[in-house]
Structures are given as C-alpha cells and as structure tokens.
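Visitor: I would like to see how this sequence folds:
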Amino acid sequence: MRGHEPRSSSSCAACKLLKRRCTPTCIFAPYFRSSDPLTFAKVHKVFGASNVSKLLGEVPEEQRQETVNSLAYEAEVRLKDPVYGCIGAIASLQKKMLELQHDLAVARTRLLARSGVNNNNHVSPLDDSPELAAFLDLVPYSDLMLLDGSNLDAYLYDLGQPPFV
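Guide: Numbers count the residues shown, from 1 in each chain. Modelled structure (predicted):
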C-alpha cells in the first residue's frame, strides 16, 4: 500500500463494524482507521459498505483519500438533513453569501454617502469612487455575482427588495 501508514494488527473500523476479519489487502483499512469508527458507520449507513468498496475499487489509488473524505462529508450532511443533504448546505451558504453581499453593498453606500461623494448621475454609487473601493479592498457592487452567474441586482429585484437602503 503506497503512501499509507502501516497499521497495527487490529481490524479497521469497517471490518469491526461489519464483524469480519480484516485482511492485509482490505480496501477500507487505509482510509477507515480503527480509532475513528464513527466515520465508517456514517458512510456505511448512507452509502452501504458494498457500494463504498466498489467505488474505492474504481477510483485511482492516489484519489481514494479525497474520495473517502468526500463520502464522509456527504454522509454526515445527509444524516443531518435527509431531504436536501449537501444541496441544502450549499443553498444555505449561498443565501448567507447573498445576505452578506447585500449588507456590504448597504454599508459601502452609506460610507460613500458620508464621504460626500456625489452619486446623482450614476447607476451604482459604489462605482463612483475607485479610490475608496481600493482603500477598502472590496469588489465593486456591480461585480458581485451569484454562483449561477447572475447579477446581485437581478436577484434583489426579483425578491422585490431595493438594492440599497
């Protein structure tokens, strides 16, 4: 087993849970250590040991650790949110990102208003002062994009919220 720690004579977490003898060629042993049985238990509950074994057999050895890490994360999230799983986590993070981008736009607008920059003739007051944006080291409001590539203005318009308060 290239690049793996030598293991002790004890069974891996998978073989312990499945109550079978752990062989030196066990596909689970390098990735599911006996010191962390909960990780395999979650992966087994969501995906099944047979499916994980087949998947690991098809993945190149240098990518197996990342595969196991992904399976462990997906299993944990699926157990926490059985309906949406990882998609629910992504949607929650995207919603939080939108809220923070909106708050940032509001704060930047207020900061520009207090700095005395005249923004009567511009679509976005955040584009008026590149020096201020550079000073704040922030992305201009007009450049803020959602993960799907749409503009933040369009999202806020769709929600019926004004982009600035």
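Visitor: quick one: Leu71 and Thr25, what's the gap?
Guide: 20 Å (Cβ to Cβ, to the nearest Å). From N, CA and C alone the C-beta is placed, and that goes for glycine too.
Visitor: ok, the two, which is more surrounded?
Guide: Remark: of Leu71 and Thr25, Leu71 carries more neighbours, 21 against 7, as counted by other Cβ atoms under 10 Å.
Visitor: quick one, strands of this protein?
Guide: For the chain, applying DSSP state E gives no strands.
Visitor: so in it, which helix runs the longest?
Guide: Taking DSSP state H as the criterion, the chain has its longest helix at helix 85-115.
Visitor: give me the buried positions along it.
Guide: Gly85, Ala89, Leu98, Gln101, His102, Leu104, Ala105, Arg108, Thr109, Leu112 (16 or more other Cβ atoms under 10 Å).
Visitor: show the average pLDDT along it.
Guide: Taken as a whole, helix 85-115 has an average pLDDT of 88.
Visitor: same check, this time on stretch 72-82
Guide: Averaged over stretch 72-82, pLDDT sits at 93.
Visitor: buried set for it?
Guide: Within stretch 72-82, the residues that count as buried by 16+ other Cβ under 10 Å are Ala72, Glu74, Ala75, Glu76, Val77, Arg78.
Visitor: what of stretch 41-56?
Guide: Of the residues in stretch 41-56, Ala41, Lys42, Val43, His44, Val46, Phe47, Ala49, Val52, Leu56 count as buried by neighbour count, 16+ other Cβ under 10 Å.
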